[in-house]
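S.K.: Here you go, sequence then predicted model.
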There are 2 protein chains.
Amino acid sequence: MAESAAPLLATLGAIVGEANVLTADTDIAPYSTDWRDRYRGRPRAVVRPGTTAEVAAAVRCCAEHAVPIVPQGGNTSLCGGATPHEGGHEVVVSLTRMNRVRAVDADNATLTVEAGATLASVQQAAADAGLMFPLSLGAEGSCAIGGNLATNAGGTAVLRFGNARDLVLGLEVVLADGRVWNGLRALRKDNTGYDLKQLFLGNEGTLGIITAAVLKLFPKQRTSATAFVGVGDVSAALGLLRAMRQALGDRLTGFELISAECIALTRRELPAMPDPLPGHAWYALVQADDAAEQSPLSAQLEAALADAIESGVARDATIAQSEAQAADLWALRDNIPEAQRREGPNIKHDISLPVSAFPAFLDEAKEALDAAFPGLRYVTFGHLGDGNLHYNLAPPPGTRGEAFIAGQARANRIVYDLVARYGGSFSAEHGIGQLKRDELSRYKSALEVELMQRIKHALDPEGLLNPGKVL
Amino acid sequence: MAESAAPLLATLGAIVGEANVLTADTDIAPYSTDWRDRYRGRPRAVVRPGTTAEVAAAVRCCAEHAVPIVPQGGNTSLCGGATPHEGGHEVVVSLTRMNRVRAVDADNATLTVEAGATLASVQQAAADAGLMFPLSLGAEGSCAIGGNLATNAGGTAVLRFGNARDLVLGLEVVLADGRVWNGLRALRKDNTGYDLKQLFLGNEGTLGIITAAVLKLFPKQRTSATAFVGVGDVSAALGLLRAMRQALGDRLTGFELISAECIALTRRELPAMPDPLPGHAWYALVQADDAAEQSPLSAQLEAALADAIESGVARDATIAQSEAQAADLWALRDNIPEAQRREGPNIKHDISLPVSAFPAFLDEAKEALDAAFPGLRYVTFGHLGDGNLHYNLAPPPGTRGEAFIAGQARANRIVYDLVARYGGSFSAEHGIGQLKRDELSRYKSALEVELMQRIKHALDPEGLLNPGKVL
């Protein structure tokens, strides 16, 4: 291995500097496994280029040696998308040294940044310019913006600002043969041929390596209002969602559904968490934000909620009277996964559906799962406004975690079959990676898989970019 | 010709009914030229399928006979994108009989519609459901939604709602071999492999035929405010744009730049038009809309404009006091093209730039054009908020139209070279069609053209879909 790899490694060392070609076990370990330690691989080497030209030269070198490449950003994939396979054949190309903000254009409300910059640093650069980059998610301190774009990340602001795809005006991409496509345009309107950047957004490193991007910025949000609303059932929550949309327009930035079970579980594991409005079966956490400094947003939210209670879609509501109260409500929501983790093993599903399908889906899924797993507990919460719920299953009281997890494939099948029947998605925001390739081939039509393969072949005919991921 | 076409026509007649296969000169005439009568072609036949299955069968039949296809919706392309070539080889597939709204889902805020429905009928179906479809443009009474999507139409609401591409959740597409890709998903989050619909949005009929789509709907706008603002120069207009964005957030739905020359020209040709705020060199028409019924929007706009005047980015402003006054201000803006048409021949450019580049671009372009065409008059207006201006040129006083138009290629070259230097686009919203293929090959990199050709080859290897358009 070491000998046959020598010419490749020597050339790579000449390109990026020997210090940036890692081969020792301890050096490559952080790049060889995902952050949750669910996937482990063994690359031939890890290369850390510092410029687009170095990425291009490294890819060209790998292509000449027919060596497959695994692009990697912050290595925070939830699907093993950036982890190399076993076998020692692949070269990991780590983008983390490419982390410069190349330009901020406040009048155009755009920011040009390299792929290895963390999401948090992008947010900060936007804030420094008096503006806002709205993509936000748990891993933002360590995930790389290039990975966010290559996986079309979702996060907490999709209801208002869309997915990562919607936040991009231009890309710079190193292609499978090492050529560089400069698509770093900063235009909101441009109909000059096929919109090639769309191919690379969400490609999970299989069609090209994103090295830089032009991102859209937005006005800073200066006024906020947060409410916690009790509703009778999920249908009522949908009615509330419509009412809030009409009353607040785009200032509705969050609409999270939370079941009473989620709150009980969270307060059991984390007793400091609040119980803002006891006695309802379901809750909606409603967040509204306004760019204006003096905005009657809170009064408008209050009036809209009063109307909702009068019309019967809501049962009761409380509006946060301070930033601290708002933070408490969000902490209750954000700590559900942590409470689940403390309680023990569970089965998670990152699903999306047409929003209107949730009431029927939840009823049918419960019926099928209750039959298969008597006593099962449901931990249902998430971004109802986007049609994206975390539909998580916890073991019946008294069941050991291992026995429960043994049923995961069967539970997944029940859930995903039903999701498919309702026209939903088995991966709303996390992507495919290594984790969900079987689901992709099961739930996508043969024609759709064929079209994806044709695109893959058109852009990476030798199959050298992140093989064994997505397709 | 008639004899060799007979088996094809017989099969097509069996598929769609003989009444829907047109071959007589008078029958095919409306499909053989664009609405402005700038392109004329001669198809072998016009086929009018009524269902997706009929489109699929017709395309399969054409593919078997190696006959090229020109998809056509409302035939309102500004670039000859839907007009067949001379020669009588092509079959026009007209989608206008496929005009049903298949479904409206108010809770999911989506609408599923067939490609041949007019944009106006889509807007109406959304309004009937208490919601709003924001795409809006001059041809909306006759253009087909399928054509809007296949050309990624822009229109008057891009600043807030994005281009047509941004308004689509799912597509149904007939591929070049007649197979049907059912991508009619109604999901706001779905990361299950490559986002294939992006390929067909803006493809101008060269990669597949869009037969139906799932569109995003929005809350109805119930409160509006409109202002006309005098500014000293285009840099000041940019400052005003930033201030309005920060003050109004997403409620800023329009920001049109208008030069004093545009107003003088329009009032000369159409004396009934108002002169709302005489004495400034440039104007911004600012439109704000709010979904809320009782919104302090007008007061907020007034306060923001007072701040802008105080800080010096605006010189003076007037706020419409009634819907009629607002309509008058928009009529002044909307009638600039009509005034230009009445005055005589002119040279139009549909360009976009990073917004921040406009002041320097306009200075440099004027210098270069003044040198080439002494006495030239500039008719500059458009969607500054989107970075998309109509940069139109009128002949010097006393110059005859024909002599002026003879210089069009030279003027285009000056403008587009400079647009390219500033990272702009030579076709912001109208697309390529037949009109701008030369510009595409001149201003796109060889690599970008190659990538487009690879995509074309991957999806239409025989080159039967709308040949000679885009590429």
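M.R.: Cool, got the structure.
S.K.: Contact partners for A:Gly254?
M.R.: Taking C-beta atoms under 8 Å, 6 or more residues apart in numbering or on different chains, we find A:Gly254 in contact with A:156-157, A:159, A:285-287, A:383, A:385. The way it works is simple: take the backbone N, C-alpha and C, and place the C-beta from them, glycine included.
S.K.: Alpha carbons of the helix or strand harbouring it, as CSV, please.
M.R.: Using DSSP states H and E, A:Gly254 sits within strand A:252-259. As requested, C-alpha coordinates have been extracted for strand A:252-259 and formatted as CSV (Å, rounded to 0.1, in the frame of the first residue of the first chain):
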residue,chain,number,x,y,z
LEU,A,252,-43.8,34.2,11.0
THR,A,253,-40.3,32.6,11.2
GLY,A,254,-41.0,29.5,13.4
PHE,A,255,-43.9,27.2,14.0
GLU,A,256,-42.9,24.1,16.0
LEU,A,257,-45.3,21.4,17.0
ILE,A,258,-44.8,19.7,20.3
SER,A,259,-46.8,16.8,21.9
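S.K.: Buried residues of the very next helix or strand once past that strand, list them for me.
M.R.: Moving toward the C-terminus from strand A:252-259, the first helix or strand encountered (DSSP H and E) is helix A:260-269. For helix A:260-269, the neighbour count (16 or more other C-beta atoms under 10 Å in any protein chain shown) marks A:261-263, A:265-267, A:269 as buried.
S.K.: A:Leu277: which of those is nearest?
M.R.: Using C-beta to C-beta, A:Ile263 is the member of these that lies nearest A:Leu277, at 9.3 Å.
S.K.: Okay, the closest one and A:Gly232: tell me how far apart.
M.R.: In this structure, A:Ile263 and A:Gly232 are 16 Å apart, going by C-beta to C-beta, to the nearest Å.
S.K.: pretty sure A:Ala304 contacts A:Ala243?
M.R.: Yes. The pair formed by A:Ala304 and A:Ala243 meets the contact definition of C-beta atoms under 8 Å, at 6.4 Å.
S.K.: Settle it for me: which of those two has more neighbours?
M.R.: A:Ala304 (24 against 18; other C-beta atoms under 10 Å in any protein chain shown).
S.K.: Just checking: what are the partner strands of the strand holding A:Gly254?
M.R.: In the sheet containing strand A:252-259, the strands it pairs with under DSSP bridges are strand A:282-290 (antiparallel), strand A:377-383 (antiparallel).
S.K.: If I take it and helix A:260-269, what angle do their directions form?
M.R.: In terms of direction (axes from the mean of the first three to the mean of the last three C-alpha atoms, to 10 degrees), strand A:252-259 departs from helix A:260-269 by 80 degrees.
S.K.: And the average pLDDT for strand A:252-259 is what?
M.R.: What strand A:252-259 shows for mean pLDDT is 96.
S.K.: how about stretch A:160-167, does it get close to chain B?
M.R.: Yes. For stretch A:160-167, a contact with chain B is found by C-beta under 8 Å from any C-beta of the partner chain, at A:160, A:162-163, A:165-166.
S.K.: Out of the buried residues of helix A:260-269, which is nearest to chain B?
M.R.: The shortest approach to chain B among the buried residues of helix A:260-269 belongs to A:Cys262, at 20.1 Å (C-beta to the nearest C-beta).
S.K.: Now do the contacts for the closest one.
M.R.: Here A:Cys262 is in contact with A:336, A:379-381 (criterion: C-beta under 8 Å, 6+ apart).
S.K.: Which pair of those spans the longest distance?
M.R.: When C-beta to C-beta is used, the two most widely separated members of the contacts of A:Cys262 are A:Ile336 and A:Thr380, lying 9.8 Å apart.
S.K.: any residues in contact with both of these two?
M.R.: Here A:Ile336 and A:Thr380 have A:262, A:390 as joint contacts, going by C-beta under 8 Å, 6+ apart.
S.K.: the more surrounded of these two?
M.R.: A:Ile336 (26 against 23).
S.K.: Could you tell me how far the more buried one is located from A:Ser136?
M.R.: 17 Å.
S.K.: Let me know whether A:Tyr194 touches B:Leu201 as I believe.
M.R.: No. In this structure A:Tyr194 lies outside contact range of B:Leu201 using C-beta under 8 Å: 9.6 Å.
S.K.: can you list the strands paired with strand A:252-259 in a markdown table and add mean pLDDT?
M.R.: Formatted as a markdown table, the entries for the strands paired with strand A:252-259 read as follows, by pLDDT from 0 to 100:
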| stretch | mean pLDDT |
| --- | --- |
| strand A:282-290 | 96 |
| strand A:377-383 | 96 |
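S.K.: end-to-end on stretch A:173-189?
M.R.: Across stretch A:173-189, the straight-line distance between its terminal residues is 20 Å, by C-alpha to C-alpha, to the nearest Å.
S.K.: Would it count as contacting chain B?
M.R.: Yes. Applying C-beta under 8 Å from any C-beta, one finds stretch A:173-189 touching chain B at A:175, A:179, A:181-183, A:185-189.
S.K.: and if you look at stretch A:215-225?
M.R.: Yes. Applying C-beta under 8 Å from any C-beta, one finds stretch A:215-225 touching chain B at A:219-221.
S.K.: how about low-confidence regions in chain A?
M.R.: Along chain A, segments meeting pLDDT under 70 span A:1-4.
S.K.: Is A:Arg102 in a helix, a strand, or coil?
M.R.: State at A:Arg102, reduced to three classes by DSSP: H, G, I helix; E, B strand; the rest coil: strand.
S.K.: coming back round to it: among the strands paired with strand A:252-259, which is the most enclosed?
M.R.: Of all the strands paired with strand A:252-259, strand A:282-290 has the most neighbours on average by mean count of other C-beta atoms under 10 Å in any protein chain shown, namely a mean of 26.
S.K.: Dump the helix or strand just after that one to CSV, keeping only the CA atoms.
M.R.: Taking DSSP H and E as the definition, the helix or strand that follows strand A:282-290 towards the C-terminus is helix A:297-311. As requested, the backbone C-alpha atoms of helix A:297-311 are provided in CSV (Å, rounded to 0.1, in the frame of the first residue of the first chain):
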residue,chain,number,x,y,z
LEU,A,297,-45.3,42.7,16.3
SER,A,298,-46.1,41.6,19.8
ALA,A,299,-49.5,43.3,19.8
GLN,A,300,-50.2,41.8,16.4
LEU,A,301,-49.3,38.3,17.6
GLU,A,302,-51.5,38.8,20.6
ALA,A,303,-54.4,39.9,18.6
ALA,A,304,-54.0,37.0,16.1
LEU,A,305,-53.9,34.5,19.0
ALA,A,306,-57.0,36.0,20.6
ASP,A,307,-58.8,35.6,17.2
ALA,A,308,-57.5,32.0,17.0
ILE,A,309,-58.8,31.2,20.5
GLU,A,310,-62.2,32.8,19.7
SER,A,311,-62.5,30.8,16.4
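S.K.: This completes my enquiry, with thanks.
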